[in-house]
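Enquirer: coords please:
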Amino acid sequence: MGGWNSGRHGGRPTADMSLRIDIAWMVKTRRVVPGLIISGSLHWSYGDNPAGSISYKANMVDPELSRLDLSYTRGSGENTESVEQCIWLTYTQPHYGGKRWWMTCPYKGIRVGKLYKPNGGDRFASRQAWRLGYHSQRVAHRDRAFERLFRLQKKLGSPTGVESPLYRPKGMWQRTYEKHLERYWELDEECHGEMVLMMNRLGMFRDRFSK
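Expert: Numbers count the residues shown, from 1 in each chain. Prediction:
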């Protein structure tokens, strides 16, 4: 397993910004089906832009020998590489019945629900193998209110930014929109408070250096 692009800015990559395979989601959406062999493809996007795609073949005929075979290319030009990865599947049996499926990390050998391939990474592996954090863990405490506000605005298709208006998406129930709007004003107030604190700090620094 190779590293990621050493020229990438912003420190180590995060799980949020990596390509992700979620076995529970694949089972739920019947992209894999216990007892069957199914081939398909997975596609990722960031915003409106394609971020990657892979082909897969899931053989779950025998529960004890189930596997997910991944096929994809990485790199470009002379550095293009065709990758074939075998991910072994396993399961547990919850008390309420049925089976809960997991993937085995090919590098750590641990049972996980998700595998990741960060930007510049060469293989899918567990978050532990890649030592991935989450973007929210890297955001300074004073910036988190702004992050949450912008995330809510994006979710509703509204322009992002402090004091940018919030619009009700077409087809959304008024009651649902009002809940989002209530949260919007809570976050707007938090952001305003953080901006006041930042301006006060800047004022203190200016006063200190003007003496």
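Enquirer: so where do the strands sit in the protein?
Expert: 19-22, 37-46, 49-59, 67-74, 81-92, 100-104, 111-112, 114-117 (DSSP state E).
Enquirer: which strands and helices lie in contact with the fifth one?
Expert: This means strand 81-92. The elements that strand 81-92 packs onto, with contact taken as 3 or more C-beta pairs under 8 Å, 6 or more residues apart in numbering; DSSP states H and E, are strand 67-74, strand 100-104. Every C-beta, even on glycine, is put in place using the N, C-alpha and C of the backbone.
Enquirer: that strand: which residues count as buried?
Expert: Buried positions in strand 81-92, judged by neighbour count with 16 or more other C-beta atoms under 10 Å: 85, 87, 89, 91.
Enquirer: can you lay out the residues you listed as TSV showing pLDDT?
Expert: Listed next are the buried residues of strand 81-92 as TSV, based on pLDDT from 0 to 100:
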residue	pLDDT
85	96
87	97
89	97
91	94
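Enquirer: which of those lies closest to residue 55?
Expert: residue 85 (11.1 Å; C-beta to C-beta).
Enquirer: and that closest one, how close does it get to residue 57?
Expert: 11 Å (C-beta to C-beta, to the nearest Å).
Enquirer: the bottom helix or strand of the protein by mean pLDDT?
Expert: Using mean pLDDT, DSSP states H and E, helix 135-138 stands out as the lowest-scoring helix or strand of the chain, at a mean of 46.
Enquirer: deepest of the helices and strands packed on strand 81-92, which one?
Expert: Most buried of these, by mean neighbour count (mean count of other C-beta atoms under 10 Å): strand 100-104, with a mean of 19.
Enquirer: strands paired with it, and their directions?
Expert: Counting by DSSP bridges, the strands paired with strand 100-104 are strand 81-92 (antiparallel), strand 111-112 (antiparallel).
Enquirer: mean pLDDT lowest for which of those strands?
Expert: Lowest mean pLDDT of the strands paired with strand 100-104: strand 111-112, a mean of 92.
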